[in-house]
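>>> build me a model from this:
(one chain, ligands or ions: 1)
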Amino acid sequence: MTFFCLSFSHTKTEQETEFYLFYLGDFSISSVARGNPEVSIISVFAPQRPASSVIVSSFSDLADYIAEQSEAAVKERGAFAIALSCGSLIGLTGLDWSKWHIFWADERVVAENRCDSNYKLAKDFSKVPIVPSHVHSINDSVSAEEAADEYITVSVPDISDCPKFDLILLGIGPDGHVASLFPNHSALNETDKWVTFIVDSPKPPPERITFTFPVINSASNVAVVVTSNSKAEAVHLAIDNIEPNCPSLPAQLVQPTIGKLIWFSDKPAASKLVSE
Ligand SMILES: O=C(O)[C@H](O)[C@@H](O)[C@H](O)[C@H](O)COP(=O)(O)O
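Numbering: from 1, shown residues only. Purely as a prediction, here's the structure:
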């Protein structure tokens, strides 16, 4: 496996935000460089840091990245299956929505018209031509356990193998949680179920459903999107690989088996990374 550190010469965006994009694992430079002719290789990482970083200019690069995954999936299979996490991540993204199938990598088990519902937070979907039945919300009238059990299997009744999403977008918390997989929680070890539930989330609301690591790590692409210096320590521990496979840092357990992992980070969140 080859690791590269790439740098886009970055222009300031309207919001004057710089974003860093970290590639873990193998990837094609040409696919990264497409649309960004100014990409240049600036260094090669030492093996103890299995990450490559790309400085990108803005969320528009994230949109380009999502666009690329969407186009590839639609071309290959006529559909694009994406799963989103909660938090500030909602509100990003774009593109040929009519072919999109949107799932929640985790969801708060609350009525879907409540303002802390992921589904409700994603109200921007109403502004794009997405097919309403392609937005797969949870059953908000049953318990967390039942909602988890029937999620995915109701939307995709004929599925038998572990679902393989084209793209899973995850945020992370300051404690390093991803989706609703929190540090030291038994849900981290779930290997039989694709979707599990928790009733004791340290981040409110307490009841949630969440994809398990087998699903997250089966995706073709996983992007972790992180902003703010409150996440800097977690980003450092996860990317700099201080303690490998650490159950107290779920973000580190995001390790796609075959797929590609990419981190998008703003400058504050990347501020504690050990410089290469
Ligand atoms: O319920 C949630 O909010 C999500 O399950 C959680 O995993 C979220 O993605 C991270 O906590 C980051 O959230 P922020 O980007 O809002 O900090």
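>>> counting contacts, what elements does the helix or strand Glu233 falls within pack onto?
In this assignment (DSSP states H and E), Glu233 forms part of helix 232-239. Other elements packing on helix 232-239 under the criterion 3 or more C-beta pairs under 8 Å, 6 or more residues apart in numbering; DSSP states H and E are strand 260-266. To be clear about C-beta, it is placed using only N, CA and C from the backbone, and glycine gets the same treatment.
>>> okay, the angle between the strand it packs on and helix 232-239?
160 degrees (axes from the mean of the first three to the mean of the last three C-alpha atoms, to 10 degrees).
>>> partner strands of strand 260-266, parallel or antiparallel?
Counting by DSSP bridges, the strands paired with strand 260-266 are strand 19-24 (antiparallel), strand 221-226 (parallel).
>>> least reliable of those by average pLDDT, please.
Of all the strands paired with strand 260-266, the minimum mean pLDDT falls on strand 19-24 (a mean of 44).
>>> give me the nearest residue to Arg208, chain neighbours excluded.
With C-beta to C-beta, 6 or more residues apart in numbering as the criterion, Arg208 has its nearest non-adjacent residue at 4.0 Å, and that residue is Ser180.
>>> ok, now how distant is that neighbour from the ligand?
Going from Ser180 to the ligand by C-beta to the nearest ligand atom, to the nearest Å gives 5 Å.
>>> who's in contact with that residue?
Counting by C-beta atoms under 8 Å, 6 or more residues apart in numbering, Ser180 touches 86, 106, 187, 198, 201, 208-210.
>>> mind listing the strands in the chain by residue range?
5-7, 19-24, 40-43, 52-56, 80-84, 100-104, 106-108, 167-170, 195-198, 208-211, 221-226, 260-266 (DSSP state E).
>>> I'd say Pro250 and Phe182 touch.
Yes: in this structure, Pro250 is within contact of Phe182 by C-beta atoms under 8 Å, at 6.8 Å.
>>> which residues do these two both contact?
Counting by C-beta under 8 Å, 6+ apart, the residues touching both Pro250 and Phe182 are Leu188.
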